[in-house]
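In: Sequence and predicted structure below; questions after.
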Amino acid sequence: MEYVELRRVRRTLRNYAIVLLAGFALAAIGILSSAHSDHSVIGVIHVSDLVVGAMFGALLTGTIVACGLQAEWSTTAITWTRPRPREAIAWGYLAVDFGAIVAAFVMTLLFALAVVSLFGALPNLQFDGEHVLRSIVIGFGVTMMWYGLIWLVAARLPGRAPLIAGLSWAVFLILGGLTAANLPWLFHALIVALNYLNPLAYVDSGGSSSNTHPLIALSPWLRGLAAWAIAAVAIVASIRLWSTREA
């Protein structure tokens, strides 16, 4: 059944590539038409900061393709007649989706590098290896955590995955914003606790920035490991719920 998901993610990546190309064209027109701009004043650009930005492309794609498995709810009875374990079908979808997430990350990173090249600032790039690795670990951990939570909530709600994926953006953004609100201490403590299940709370604020984080009281590496751990638990649990669901 993975071929169905392959067709779906190919369409998603094609549309995303069109958006990136349109954005690059607009950026090129704006930059090249600025005849009086002094592009030489651009300082050092850390590769890790570009990686952090590119992870948002992967995150967006992840929330879109997370709907793939649940989109088969109307044909579940037929799907489960295949001579394959139900869990194997779900893991196959996961593999295809993860490939799409990686592809979206690479595409967004290339877009960022292309825009940097328009400024003639490629020589200003500085490869900060440790921060790059950290940003990749946290970024993909956050993406898979969000992906897994969508799967988990949608596992027993056939046909609701797109709605859940869309609402998740509003819920997580509001949840993060409420930490700065002037709330009674009990509500504030509850919001802080809930943010440990908020993927956006684990996002790196910048690859080359300090190790402090306003929402999660964990070091950067622990944030990455925690995001991956939550992702693993959510995905395994959701596959179990999906595979034992009545057709």
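Out: Now that the structure is in, tell me what you want to look at.

In: Could you check what's spatially nearest to I64, not counting adjacent residues?
Out: T12 (5.5 Å; Cβ to Cβ, 6 or more residues apart in numbering). All C-beta spots, glycine's among them, are computed from the backbone N, C-alpha and C.

In: Against which helices or strands is the helix or strand the one you found falls within packed?
Out: Following DSSP states H and E, one finds T12 within helix 2-32. When contacts are defined as 3 or more Cβ pairs under 8 Å, 6 or more residues apart in numbering; DSSP states H and E, helix 2-32 packs onto helix 47-65, helix 86-118.

In: which of the residues in that helix are buried?
Out: Neighbour counts over helix 2-32 (16 or more other Cβ atoms under 10 Å) mark 2, 5-6, 8-9, 12-13, 16, 20, 24 as buried.

In: Report the distance from that helix to the chain centre.
Out: Chain-centre distance of helix 2-32: 16 Å, with Cα atoms, centre = their mean, to the nearest Å.

In: With stretch 23-33 instead?
Out: Distance of stretch 23-33 from its chain centroid, counting by Cα atoms, centre = their mean, is 26 Å.

In: pull the CA atoms of it into PDB?
Out: Extracted in PDB, the C-alpha atoms of stretch 23-33 (Å, rounded to 0.1, in the frame of the first residue of the first chain):
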ATOM      1  CA  GLY A  23       9.700  32.500  -3.400                       C
ATOM      2  CA  PHE A  24      13.200  32.400  -4.900                       C
ATOM      3  CA  ALA A  25      12.000  34.200  -8.000                       C
ATOM      4  CA  LEU A  26      10.500  37.000  -5.900                       C
ATOM      5  CA  ALA A  27      13.600  37.200  -3.700                       C
ATOM      6  CA  ALA A  28      15.800  37.400  -6.800                       C
ATOM      7  CA  ILE A  29      13.700  40.200  -8.300                       C
ATOM      8  CA  GLY A  30      13.800  42.200  -5.100                       C
ATOM      9  CA  ILE A  31      17.500  41.700  -4.400                       C
ATOM     10  CA  LEU A  32      18.800  42.200  -7.900                       C
ATOM     11  CA  SER A  33      16.600  45.300  -8.400                       C
END
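
In: Kind regards, and thank you for your time.
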